[in-house]
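K.L.:
Let's see this in three dimensions:
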Amino acid sequence: MPSRLSLLPRARRASGTARPSTLPAAVSAGVLGLAAVFGLAGCSSTSSVENADVPKWRATALPEAPGAVLQDSGKILNRDRTAQQAATVPAGRYTLTLVCDGSGKAFFDVTLDGKAVAEAGAACNGSRETTRITLPAAGRVEISGASVDAPLVYAYQLAPAQ
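P.N.:
Down below sits the predicted model:
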């Protein structure tokens with residue numbers, strides 16, 4: 001009947017022998033494979049955004065809302081800001097709905113007659129983000145957007161709150 005002590009000497013001998021390790025090679029191959037996948041994904045994202053059909057994308061990502069007082073869509077291919085304005089928007093409560101696709105986040109500023117009213121952001125993964133905004137007086141509303149994670153496609157609309 002073998003005893004447990006008889007296994008220990010064999011285990012020590014086996015661990016003491018020199019065997020080539022395949023773990024570092026497997027780990028580096030895995031790391032290189034992941035780097036290639038992420039590198040290709042980054043390239044395809046840029047290419048798809050630059051070639052995106054914005055009106056077609058917007059039709060599914062953020063269909064037009066009835067009564068929207070300000071809306072825009074487009075591409076941010078670099079870090080430049082985009083801006084759109086409406087001459088006279090009545091005072092009241094509004095909902096700003098944002099959506100973007102690409103990478104990272106997009107940030108939007110809302111001003112009323114040049115004074116900051118709200119800031120909003122959207123993760124560029126195709127999901128809609130909403131922000132409630134109250135305009136205390138009628139006036140010129142401007143919405144500007146930018147991203148440090150360009151390129152991306154974006155759409156937004158400012159509509160009366162329901």
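K.L.:
From the contact counts, what lies against the helix or strand hosting A106?
P.N.:
Secondary-structure element containing A106, defined by DSSP states H and E: strand 92-112. With contacts defined as 3 or more Cβ pairs under 8 Å, 6 or more residues apart in numbering; DSSP states H and E, the secondary structure elements packing on strand 92-112 are helix 23-50, helix 54-61, strand 115-125, strand 129-135, strand 139-146, strand 152-160. The C-beta positions use only the backbone N, C-alpha and C, and glycine is treated the same way.
K.L.:
Contact partners for the closest residue to A116 other than its chain neighbours?
P.N.:
Computed as Cβ to Cβ, 6 or more residues apart in numbering, the closest residue to A116 that is not its neighbour in sequence is D109, at 6.6 Å. D109 sits next to 116, 118-119, 143-145 when contact means Cβ atoms under 8 Å, 6 or more residues apart in numbering.
K.L.:
Then A118?
P.N.:
96, 109-110, 131, 133.
K.L.:
what are the bridge partners for the residue nearest to A116, then?
P.N.:
E119, S144 (DSSP bridges).
K.L.:
Now do it, the pLDDT please.
P.N.:
pLDDT recorded at D109 is 97.
K.L.:
P151 now?
P.N.:
Predicted confidence (pLDDT) at P151: the value is 93.
K.L.:
For it, grab the count of nearby residues.
P.N.:
Applying the criterion other Cβ atoms under 10 Å, we find 19 residues in the vicinity of P151.
K.L.:
same deal with the one 10 residues further on?
P.N.:
When neighbours are counted by other Cβ under 10 Å, A161 registers 12.
K.L.:
And Y154, by the same measure?
P.N.:
Here the count is done by other Cβ under 10 Å, and Y154 has 27 residues near it.
K.L.:
what does A68 give?
P.N.:
Look at A68: counted by other Cβ under 10 Å, it has 16 neighbours.
K.L.:
where among the helices and strands packed on strand 92-112 is the average confidence lowest?
P.N.:
Between those, the one with the least mean pLDDT is helix 23-50; it has a mean of 50.
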